[in-house]
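[1] everything below, folded, please.
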Amino acid sequence: MLLSFEDHARIEMAIATAERATRGEIVCVVTDEVGPYAEVPLAWASAAALLLSLLALVVAGVAKSFDYALGGWAVAQLAATHAAVLTALTIYALLQFTVFLTVFVVVSIPPMRRRFTPASLKRLRVHGRAREQFFERGLDRTSERTGVLIFISLNDRLAEVLADRGINDRVDALAWSDVVADLLAGARRGKPADGIVAAVGRCGRLLTEHFPASPDNSNELSDRVVESPRL
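    Model (predicted):
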């Protein structure tokens, strides 16, 4: 489990408390990481191998190797150095493969992969996963279109708050930035549940301001915290 049973209970209590004062519906989804980012080690390894090729060309240019290899050599001389050239090419190929494999293995180590994954790619993947969860959890099917998804990816250290159309018509999108800040503050302290509880409370206050509870206030969506493992 990503969160303890006690954390689940605290968050579910916070959701229930927030929803008693509003017609809005809050769903919390927590994941460890939105994806394996399998292309990241491959991209860095390929870049390193290509960089080695460029470096070899630069070194050859500085040493005037092209001049040496092609500048007026006779056929006999070229034939005499065939074995040396073949050896050099073999060494280069092995070196390039070694560089590729080494970088691939190092960047594949989870902490290293997270460090070398571009922030823009993380944001894109987290946003996409949050949208998937929004529709999968039925937040687009509440009676007044007042569903709000609170989504956090712990290892990515990123969070999203997605609100349905009914809420977006009344609440400025910038209002959710403080909710996201609460989520990330808890994650940075190593206490994600504290951040989620604070975010739920802030979200509930925003919803109460624009969608106060009605006499027939019903709970349309479960208050249970959803743990969604990495795809």
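[2] could you pull out the helices for this protein?
    5-20, 39-62, 65-70, 75-80, 82-108, 110-116, 119-136, 165-168, 177-188, 192-210 (DSSP state H).
[3] and of those, who's closest to Arg230?
    Proximity to Arg230 (Cβ to Cβ) singles out helix 119-136 among the helices of the chain, at 9.5 Å. Placement of C-beta: from N, CA and C, glycine included.
[4] orientation of that closest one relative to helix 39-62 in degrees?
    Computed with axes from the mean of the first three to the mean of the last three Cα atoms, to 10 degrees, the direction of helix 119-136 lies at 160 degrees from that of helix 39-62.
[5] what's helix 119-136 packed up against?
    Applying 3 or more Cβ pairs under 8 Å, 6 or more residues apart in numbering; DSSP states H and E, one finds that helix 119-136 contacts strand 25-31, strand 147-153, strand 158-163.
[6] out of these, which comes closest to Gly186?
    Closest among the helices and strands packed on helix 119-136, once you apply Cβ to Cβ, is strand 147-153, at 8.5 Å.
[7] CA atoms of the closest one as PDB?
    C-alpha atoms of strand 147-153 as PDB (Å, rounded to 0.1, in the frame of the first residue of the first chain):
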ATOM      1  CA  GLY A 147     -16.900  16.500  -9.300                       C
ATOM      2  CA  VAL A 148     -13.300  17.400  -8.300                       C
ATOM      3  CA  LEU A 149     -10.400  15.000  -8.600                       C
ATOM      4  CA  ILE A 150      -7.400  15.400  -6.300                       C
ATOM      5  CA  PHE A 151      -4.600  13.400  -7.900                       C
ATOM      6  CA  ILE A 152      -1.000  13.000  -6.700                       C
ATOM      7  CA  SER A 153       1.900  11.000  -8.100                       C
END
